[in-house]
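A.B. asks: Here is my input, please return the structure:
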Amino acid sequence: MSEEGVLAVLGLEGVLLDTTDIVVLSVVLCALIYLAVSRLAGSKDAARLPPSAMAPSAATSFSNEDWLSRMKRTKKTVAIFYGSQTGTAEEYAQRLVLEARGYGLKAIVVDMQDADFESFSTMAEEIEGALAVFCVATYGEGDPTDNAQDFWDSLKGVRDGDGPDLGKLNFAVFGLGNRTYELFNEVGRYMDKSLSTLGANRLCNAGEGDDNEDIEEDFSKWCETLWAATCAEYNIDPESIAVDSNRQYELTMVEDIPRRVFVGEPAVPGSFASQRRPYTPKNPFLAKVAVKKELFKDTDRSCLHIELDITGANVRYTAGDHVAIFPSNNAALVDKLGVLLDIDLDQLINMTALDEDVKKKHPFPCPCSFRTALTHYIDITSLPKPHVLRAIAEESVDAKAKDFLLGITSKARKHDYAKWIQQDHRTIVQVLEDLPEARPSVSLLLELLPRLQPRYYSISSSSKRHPQCIHVTVAVVHFTTPLGIEMGGVCTSWLASLEAGLSTVPIFVRSSGFRLPLKQSTPVVMVGPGTGIAPFRGFLQERSYHAQEKGVTLGETLLLFGCQHKAKHFLYEEELEEFTREGTISDLQLAFSRDGPEKVYVQRRLREVGATVFKLLKEQRGHLYVCGDAKFMARDVSKTITELAVEHGGMTEQQAVNWAKDLRKRKRYCEDIWS
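C.D. replies: Okay, here's the model as predicted:
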């Protein structure tokens with residue numbers, strides 16, 4: 001651009017400037033142009049979304065008012081925050097609001113993603129008797145849930161002496177976790193400790209729910225402690241407790257067809273019919289099932305290899321990431337529930353909050369039909385929890401049904417609930433079939449049954465080899481209950497019913513910390529029996545790409561894989577053999593637990609090559625990856641690693657434990673496990 005052009009753009013025509021001035025002004029102008037172009041480029045994907053996608057969703061109807069302002073305006077004193085990955089923590093938060101009402105306390109539910117950490121000092125100062133209750137889940141390797149990540153980062157960033165003063169704030173924490181994981185309830189424990197360190201008054205000891213045992217019982221016991229402490233702190237007479245309604249939403253029939261109706265979309269009506277980027281949990285991409293094939297040679301069991309076409313979606317992933325899949329409930333089961341509830345499944349409905357001040361105006365996307373709600377939004381196959389059965393009992397006009405349900409959900413008869421619901425595996429469908437006289441209203445079930453959540457699968461491909469396709473490896477769940485009823489996993493059974501080339505699956509990708517080392521020359525040890533092989537197939541594709549296409553020298557790659565029978569269940573056998581032939585796998589250790597006189601698992605193979613494993617991890621600073629069952633396999637592998645350090649490294653048992661912890665801390669011992 002000429003000197004005159006620069007001056008004209010900046011509105012400085014006629015001003016006398018020397019050469020240095022012109023150079024400086026030119027640099028400034030270029031920077032301004034760069035920023036403008038960057039903003040436009042960054043907004044391209046957002047601009048592709050329809051106006052409804054940019055606005056608050058009908059499912060939540062968020063206002064612009066922040067949670068603290070809403071508390072002050074409505075004179076609420078209790079805020080119940082939830083950090084939830086599967087919906088349980090959110091459900092507990094909603095139940096606490098109802099219980100708080102019974103104690104005469106006005107409470108509000110707050111999503112952790114809306115919780116500005118700095119606002120807590122304002123809450124403590126400006127709301128007299130403020131109480132903050134946290135229901136927070138720990139996910140993965142001691143990580144917070146997606147919606148609590150920002151709050152967690154802020155809390156972790158607080159250094160001694162520089163955090164907000166929370167001296168006037170009362171708080172309580174209930175953590176949700178699974179004791180089979182190494183860092184059980186890490187988020188809840190850290191939050192409880194940190195808030196206390198910042199001066200907040202701990203109202204009662206933190207509760208810890210164990211999903212591997214009876215998390216519902218853990219929560220119920222903690223609630224008793226919480227409300228006893230609350231009554232003492234706020235001078236509430238426990239004897240004056242009012243039994244409050246379980247209802248927070250009102251069901252209405254929609255007679256005039258509205259312009260926008262939800263048909264399964266999680267947040268944006270019409271987003272399935274008109275797909276526009278960016279694709280997120282609220283705006284998933286409909287990926288076509290390109291390939292679906294059976295991996296097992298077994299008439300009794302099934303494991304599917306599924307390839308999801310993401311061509312043109314601009315969906316990026318890295319080996320080790322997870323793909324979230326939104327499943328649909330079984331159509332025949334939905335039809336049966338419609339008959340049991342005596343409803344027209346195609347009737348359009350709306351569920352609207354009774355409290356105008358709540359942020360979540362609808363419990364699920366509305367308006368929609370009964371069929372859509374029961375197919376896409378309500379979990380109709382989970383086992384009904386005691387509070388749901390109690391609500392059905394309270395609504396029932398049949399004395400016998402009422403007495404039965406109130407009886408098995410009482411503290412004195414917990415074993416009867418365990419037998420009738422948990423051991424016999426009764427879903428809401430079986431409850432209604434066995435107690436037709438109970439006849440709960442459909443509105444009660446729509447409100448109290450849990451929401452149907454997306455299922456997460458380890459991606460079993462590398463974007464280096466498959467940039468336009470995401471592969472998943474799915475073990476289809478199928479079993480017969482003690483009542484003789486054939487049941488299947490919600491998502492796996494649904495995926496098994498889809499047709500390649502025709503069916504589509506709503507998905508989004510979630511980034512994971514389960515990552516290959518940055519340097520391909522770093523040795524890796526991978527332990528993945530069964531479908532635990534999934535992310536390692538992606539790892540191997542990635543390392544093969546770097547070696548075959550880029551000429552990179554790979555570090556040693558040791559894979560330990562196991563299954564029941566080699567002839568029936570050896571997943572990706574030909575591929576693993578090819579990876580071994582080409583040198584991507586330097587050592588393939590196999591364990592077939594049912595092919596010999598004794599059961600052999602990957603844990604044994606790990607011990608047999610223990611000297612090599614320890615050398616790779618200790619001397620060559622290799623990385624260890626474990627994927628699969630958390631309850632037995634991953635725990636045994638963890639124990640074996642410390643034993644190897646003692647045997648081959650001359651460490652004491654405590655030194656070995658500390659060494660393994662240090663590997664985890666440095667992200668050189670990573671797990672992608674489930675229970």
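
A.B. asks: In CSV, could you pull the C-alpha coordinates for stretch 379-393?
C.D. replies: C-alpha atoms of stretch 379-393 as CSV (Å, rounded to 0.1, in the frame of the first residue of the first chain):
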residue,chain,number,x,y,z
ASP,A,379,-34.1,-43.6,30.3
ILE,A,380,-36.7,-46.2,30.4
THR,A,381,-34.4,-49.2,30.9
SER,A,382,-32.5,-48.2,34.1
LEU,A,383,-33.7,-49.6,37.4
PRO,A,384,-36.1,-47.2,39.1
LYS,A,385,-34.6,-45.7,42.3
PRO,A,386,-36.4,-45.6,45.7
HIS,A,387,-37.5,-42.0,45.4
VAL,A,388,-39.3,-42.8,42.1
LEU,A,389,-41.1,-45.7,43.6
ARG,A,390,-42.1,-43.6,46.6
ALA,A,391,-43.5,-40.9,44.3
ILE,A,392,-45.5,-43.6,42.4
ALA,A,393,-46.8,-44.8,45.8
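
A.B. asks: and for it, what are the contacting residues?
C.D. replies: With contact meaning C-beta atoms under 8 Å, 6 or more residues apart in numbering, stretch 379-393 is reached by 95, 216, 220, 246, 329-330, 333-334, 337, 374, 401-406, 408-409, 417, 421-422, 425-429, 431, 438, 440, 444-445, 448-453, 487, 490. For every residue, glycine as well, the C-beta is placed using N, CA and C.

A.B. asks: pLDDT (mean, whole number) over that stretch?
C.D. replies: Summarised as a single mean, pLDDT over stretch 379-393 is 96.

A.B. asks: what's the spacing between Leu498 and Val291?
C.D. replies: To Val291, Leu498 is 11 Å away according to C-beta to C-beta, to the nearest Å.

A.B. asks: wait, isn't Gln453 in contact with Ser84?
C.D. replies: No. Assessed by C-beta atoms under 8 Å, Gln453 is found out of contact with Ser84, at 9.3 Å.

A.B. asks: of the two, who's got more company?
C.D. replies: A count of neighbours by other C-beta atoms under 10 Å puts Ser84 above the other of Gln453 and Ser84, at 23 against 18.

A.B. asks: can you pull the contacts of the more buried one?
C.D. replies: Ser84 makes contacts with Glu90, Ala93, Cys135, Ala137, Thr145, Asn147, as judged by C-beta under 8 Å, 6+ apart.

A.B. asks: what bits of the stretch 451-600 of the chain have low per-residue confidence?
C.D. replies: Scanning the stretch 451-600 of the chain for pLDDT under 70 picks out nothing.

A.B. asks: Sketch out the strands for it, chain order is fine.
C.D. replies: Ranges of strands in the stretch 451-600 of the chain, per DSSP state E, counting those that start in this stretch, are 455-458, 469-475, 478-480, 486-488, 504-510, 524-527, 557-563, 587-592.

A.B. asks: Tabulate those strands in JSON lines, adding columns for distance to Lys631 and mean neighbour count.
C.D. replies: Formatted as JSON lines, these follow (distance: least, C-beta to C-beta, whole Å; neighbours: other C-beta atoms under 10 Å):
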{"stretch": "strand 455-458", "distance to Lys631": "17", "mean neighbour count": "22"}
{"stretch": "strand 469-475", "distance to Lys631": "16", "mean neighbour count": "22"}
{"stretch": "strand 478-480", "distance to Lys631": "18", "mean neighbour count": "12"}
{"stretch": "strand 486-488", "distance to Lys631": "21", "mean neighbour count": "14"}
{"stretch": "strand 504-510", "distance to Lys631": "23", "mean neighbour count": "20"}
{"stretch": "strand 524-527", "distance to Lys631": "15", "mean neighbour count": "26"}
{"stretch": "strand 557-563", "distance to Lys631": "16", "mean neighbour count": "25"}
{"stretch": "strand 587-592", "distance to Lys631": "18", "mean neighbour count": "18"}
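
A.B. asks: Include distance to Gly650 when you put these into a markdown table, please.
C.D. replies: Compiled in a markdown table, the strands of the stretch 451-600 of the chain are given as follows (distance: least, C-beta to C-beta, whole Å):
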| stretch | distance to Gly650 |
| --- | --- |
| strand 455-458 | 36 |
| strand 469-475 | 40 |
| strand 478-480 | 47 |
| strand 486-488 | 51 |
| strand 504-510 | 41 |
| strand 524-527 | 20 |
| strand 557-563 | 22 |
| strand 587-592 | 24 |
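
A.B. asks: Nearest approach to Ser396 belongs to which of those?
C.D. replies: Proximity to Ser396 (C-beta to C-beta) singles out strand 486-488 among the strands of the stretch 451-600 of the chain, at 26.0 Å.

A.B. asks: Tell me the strands beside the closest one, with direction?
C.D. replies: strand 478-480 (antiparallel) (DSSP bridges).

A.B. asks: Can you tell me the centre-most residue of the protein?
C.D. replies: Taking C-alpha atoms, centre = their mean as the criterion, Gln85 is the residue nearest the geometric centre of the chain, at 3.2 Å.

A.B. asks: Skipping its backbone neighbours, what lies nearest that residue in space?
C.D. replies: Thr145 (4.2 Å; C-beta to C-beta, 6 or more residues apart in numbering).

A.B. asks: Give the next helix or strand downstream of the helix or strand of the chain with the lowest mean pLDDT.
C.D. replies: Between all helices and strands in the chain, the lowest mean by mean pLDDT, DSSP states H and E belongs to helix 51-54, at a mean of 32. Next in sequence after helix 51-54, counting helices and strands by DSSP states H and E, comes helix 67-73.

A.B. asks: Look up how far Thr381 lies from Leu195.
C.D. replies: Distance, Leu195 to Thr381, by C-beta to C-beta: 37 Å.

A.B. asks: Lys336 now?
C.D. replies: Computed as C-beta to C-beta, the Lys336 to Thr381 distance reads 12 Å.

A.B. asks: The two - which one has more neighbours?
C.D. replies: Between Lys336 and Thr381, counted using other C-beta under 10 Å, Thr381 has the larger neighbour count: 18 against 15.

A.B. asks: Over to that one: give its phi and psi.
C.D. replies: Main-chain dihedrals, Thr381, degrees, to the nearest 10: phi -110, psi -10.

A.B. asks: Just the helices from the stretch 201-350 of the chain, written as ranges.
C.D. replies: Using DSSP state H, counting those that start in this stretch, the helices of the stretch 201-350 of the chain run over 215-234, 331-341.

A.B. asks: measure stretch 452-467 end to end?
C.D. replies: 30 Å (C-alpha to C-alpha, to the nearest Å).

A.B. asks: The nearest residue to Ser441 once chain neighbours are set aside: what's it in contact with?
C.D. replies: Distances taken as C-beta to C-beta, 6+ apart put Glu395 closest to Ser441, at 6.4 Å, once the chain neighbours are dropped. Shown in contact with Glu395 (C-beta under 8 Å, 6+ apart): Pro440, Ser441, Leu444.

A.B. asks: Hmm, the first one is touching Ser396, no?
C.D. replies: Yes. Look at Pro440 against Ser396 with C-beta under 8 Å: they come within range, at 7.1 Å.

A.B. asks: The two: which has the busier surroundings?
C.D. replies: Using other C-beta under 10 Å as the criterion, Pro440 and Ser396 rank with Pro440 on top: 24 against 20.

A.B. asks: re the thing from before, next, find the distance separating the residue nearest to the centre of the chain from Lys661.
C.D. replies: Noted for Gln85: a distance of 24 Å to Lys661, by C-beta to C-beta.

A.B. asks: How about Leu445: what's its closest non-neighbour residue?
C.D. replies: Closest to Leu445 by C-beta to C-beta, 6+ apart is Ile428, at 6.6 Å.
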